[in-house]
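Chemist: my questions concern the predicted model and sequence given below.
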Amino acid sequence: MNSGVLAKTRDFLRRHWQGALRWREKLVLKEEAFHLILAGMVGVIGGVVNLFFYEAVHLIQPGNIVDVAEGLPDWQRVLLPTLGGLIAGLILQWGLKFVGKQGSTNLIEAVVAGDGRLATRTDLVKTCSAIVSIATGASIGREGGIVQLSATLSSKLGQLAKWPPYRLRLLVGCGAASGMAAAYNAPIAGAVFSALIVLGNFSMNLFAPLVFSSVIATMVSRTFFGIKPWYNIPTFPEVGPWQLPWFLLLGVVCGMVGALFLKVIHQCRNEFGKLSWPPYVKLTLAGLFVGIIALEFPGVFGNGYSVTNDILHENFMQEARPLFWLAGLLIAKGIATGASVGSGTVGGIFTPTLFMGATTGAFFGTLLHRLGGAPGVQAGAFALVGMGAVLAATTRSPLLATIMVFELSLNYSMVPALMLACVVSILIARQLHGESVYTEHLRLKGIALGSESSRVGVTMERTIGDLMHPPVAPVRETTGLDEIAERFLTGSNNFLPVVDAEKRLIGIVALQDLKEFLSSANDLHGVIAFDVMRAAPKTLTPGQPLLDALPTVLQSELRNVPVVNNYAENRLVGAVARAELLTIFSEAIAEKSDPRGE
């Protein structure tokens with residue numbers, strides 16, 4: 001019965017080749033659409049990872065860590081982060097020894113100098129360590145773990161499907177975007193973060209999946225899981241033109257604070273790096289530092305979002321000496337975060353940076369008010385702008401900082417002042433400290449990056465053989481037209497390579513060239529591939545550098561550019577996806593060139 005139905009279906013298709021071929025062209029899923037589907041799946045992953053971190057941290061520490069710290073006696077306030085550092089360090093020590101040596105877990109490194117593969121087992125160990133550190137008061141942000149785990153699981157999805165490196169890198173970017181968007185309830189900032197910081201590319205074929213992934217992750221976290229935004233930012237009145245100079249001055253201050261913050265982190269990394277102690281000893285020492293600092297300033301516990309909320313609402317004015325309290329908190333948080341990051345504690349510094357910015361802005365605004373300046377501008381408004389300005393100084397991205405603070409506040413009134421402060425802060429920070437928070441660690445590992453996070457030609461040093469995959473299954477020059485048409489119907493390629501008995505590429509058959517023959521009333525049984533094929537296209541060779549392949553790729557109309565063993569023998573040995581090569585080329589073109597033309 002089934003065989004009869006199949007036979008009738010095949011006979012019907014043979015009588016209606018042209019219509020079937022047209023429908024086949026319409027139904028084939030384009031790569032751009034496929035990438036959006038993948039981005040949606042990754043968005044779900046980001047939302048679930050955010051929920052996992054939220055529940056895991058609250059399972060260990062149900063309440064607000066700062067409130068808990070304030071209610072503890074002094075010895076317990078010191079013991080909590082110290083013990084947490086010990087446990088987190090032991091997880092790293094034993095866990096990494098158990099999983100063995102794997103590849104890198106650094107997102108930017110996987111994109112810049114790698115093929116998009118992230119070490120899954122290593123990152124799972126680091127995730128467990130990060131959860132313990134966050135729950136016990138380490139001065140570190142949870143967003144780092146959320147972004148990392150989302151990107152790693154997304155990369156693993158691509159590895160299981162055996163997708164090529166260009167798609168793995170895109171998955172890493174979508175994972176980072178979804179994690180950041182879910183962590184902050186900020187889909188635009190998540191997409192911009194991944195485009196600027198992780199992928200280093202703002203081309204639309206990459207940015208569209210990032211946006212899609214960010215939106216899905218935010219919806220999953222906010223709508224289905226009910227996770228609310230961490231920041232509760234009041235509405236501030238619009239800044240007048242005569243008040244903008246105060247924010248320019250704030251940008252100068254934030255640039256200096258941001259550069260100093262980076263120097264503290266750099267110095268702490270150097271000092272801890274000189275110690276030949278195991279990880280659990282270093283993390284225990286860092287936890288002890290945090291605990292001692294918290295004796296006077298319990299607000300340094302955790303990522304500090306609750307303290308930031310208090311600063312934005314100007315609750316610090318209840319302190320006996322608000323200026324001294326803000327200055328002390330700023331210094332304490334910088335040292336505590338530097339110790340946590342420098343010791344190797346797993347986590348992010350995005351949220352602590354926002355904390356530093358809010359404290360800087362509040363101090364600046366309060367001091368101005370004491371001196372009789374900036375009438376009509378609340379100290380909380382300066383704190384909000386300070387959040388973005390210090391973030392811009394550490395990431396060297398005014399666009400990311402502006403969008404992040406705007407999405408957190410959902411208030412446009414402060415955006416003009418915020419933009420000015422961000423631009424000025426970057427100019428100052430660049431003069432005082434050469435690296436951003438994301439590029440410095442890679443420099444220490446010997447991975448060359450261009451200034452301002454541009455990606456200088458690392459991927460272009462690879463060869464066609466590094467990206468080559470099996471060729472499109474060829475047909476012989478004697479293959480009949482019926483078999484060729486059936487290959488087009490059952491496959492997704494618009495071109496089929498034609499080879500001779502020695503597998504030498506002698507031409508290609510194009511789907512559109514069959515229409516003339518299929519519409520003919522003549523008997524087609526005598527028509528073979530040799531009769532309908534075009535001349536062989538320009539090809540690539542496995543040892544050819546990517547840059548040398550650019551002219552061939554640009555001229556080719558094939559989805560999979562054929563690769564031959566060499567031009568003398570011309571034997572078909574593989575193919576390279578044109579979309580992958582063009583993505584790599586667009587990344588290289590998007591890089592900022594050296595101003596000296598070098």
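Modeler: Good, I have the coordinates. Numbers count the residues shown, from 1 in each chain.

Chemist: please identify the helix or strand for Leu244.
Modeler: Here Leu244 sits within helix 244-273, counting by DSSP states H and E.

Chemist: mind giving me the packing neighbours of whichever helix or strand comes after that helix?
Modeler: Counting by DSSP H and E, the next helix or strand C-terminal to helix 244-273 is helix 279-294. Counting contacts by 3 or more C-beta pairs under 8 Å, 6 or more residues apart in numbering; DSSP states H and E, helix 279-294 packs against helix 74-99, helix 322-342. Where you see a C-beta, it was placed from the backbone N, CA and C, and this is true even at glycine.

Chemist: most packed of these?
Modeler: helix 322-342 (a mean of 22; mean count of other C-beta atoms under 10 Å).

Chemist: direction-wise, compare the helix or strand following that one with helix 244-273 and give the angle.
Modeler: Following helix 322-342 in sequence order, the next helix or strand is helix 350-370 (DSSP H and E). Inter-element angle recorded for helix 350-370 and helix 244-273: 140 degrees (by axes from the mean of the first three to the mean of the last three C-alpha atoms, to 10 degrees).

Chemist: buried ones in helix 350-370?
Modeler: Buried residues in helix 350-370, counted by 16 or more other C-beta atoms under 10 Å: 350-368.

Chemist: over to stretch 146-165?
Modeler: 146-159, 163-165.

Chemist: average model confidence for it?
Modeler: Here stretch 146-165 scores 90 as its mean pLDDT.

Chemist: just how off-centre is it within its chain?
Modeler: The chain centroid and the centroid of stretch 146-165 are separated by 12 Å under C-alpha atoms, centre = their mean, to the nearest Å.

Chemist: so can I have a markdown table of the helices and strands packed on helix 279-294 showing mean pLDDT and distance to Ile584?
Modeler: Formatted as a markdown table, the helices and strands packed on helix 279-294 follow (pLDDT from 0 to 100; distance: least, C-beta to C-beta, whole Å):
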| stretch | mean pLDDT | distance to Ile584 |
| --- | --- | --- |
| helix 74-99 | 94 | 31 |
| helix 322-342 | 95 | 32 |
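
Chemist: go through the ones you listed and name the closest to Val561.
Modeler: Of all these, it is helix 74-99 that lies closest to Val561, at 38.3 Å by C-beta to C-beta.

Chemist: other SSEs contacting that closest one?
Modeler: helix 65-70, helix 120-135, helix 279-294.

Chemist: show me what the second one packs onto, helices and strands only.
Modeler: This means helix 120-135. helix 31-60, helix 74-99, helix 143-160.

Chemist: I'd like the next helix or strand past the shortest one.
Modeler: It refers to helix 143-160. Per DSSP H and E, the helix or strand that comes after helix 143-160 is helix 165-184.

Chemist: and that next one, C-alpha only, in CSV?
Modeler: Coordinates of each C-alpha in helix 165-184 appear next as CSV, following Å, rounded to 0.1, in the frame of the first residue of the first chain:
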residue,chain,number,x,y,z
PRO,A,165,33.3,27.4,13.6
TYR,A,166,31.5,30.5,12.3
ARG,A,167,28.2,29.2,13.6
LEU,A,168,29.7,28.2,16.9
ARG,A,169,31.1,31.7,17.4
LEU,A,170,27.6,33.1,16.6
LEU,A,171,26.1,30.7,19.2
VAL,A,172,28.6,32.0,21.8
GLY,A,173,27.6,35.5,21.0
CYS,A,174,23.9,34.7,21.3
GLY,A,175,24.6,32.9,24.6
ALA,A,176,26.4,35.9,26.0
ALA,A,177,23.6,38.3,24.8
SER,A,178,20.9,36.1,26.3
GLY,A,179,22.7,35.8,29.6
MET,A,180,23.4,39.5,29.9
ALA,A,181,19.8,40.4,28.9
ALA,A,182,18.3,37.9,31.3
ALA,A,183,20.5,39.0,34.2
TYR,A,184,19.7,42.7,33.9
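
Chemist: which ones are touching the nearest residue to Pro278 once chain neighbours are set aside?
Modeler: Nearest non-adjacent residue to Pro278, counting by C-beta to C-beta, 6 or more residues apart in numbering: Gln93, 5.6 Å away. By C-beta atoms under 8 Å, 6 or more residues apart in numbering, Gln93 lies in contact with 278-280.

Chemist: now, of those, which are buried?
Modeler: By 16+ other C-beta under 10 Å, these give 279-280 as buried.

Chemist: tabulate the contacts of Gln93 (JSON lines), appending pLDDT and distance to Tyr54.
Modeler: Formatted as JSON lines, these follow (pLDDT from 0 to 100; distance: C-beta to C-beta, whole Å):
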{"residue": "Pro278", "pLDDT": "93", "distance to Tyr54": "30"}
{"residue": "Pro279", "pLDDT": "92", "distance to Tyr54": "26"}
{"residue": "Tyr280", "pLDDT": "95", "distance to Tyr54": "26"}
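
Chemist: which of the contacts of Gln93 sits closest to Ile484?
Modeler: Using C-beta to C-beta, these come closest to Ile484 at Pro279, 61.2 Å.

Chemist: Val68 versus the closest one, what's the distance?
Modeler: Per C-beta to C-beta, to the nearest Å, Pro279 is found 25 Å from Val68.
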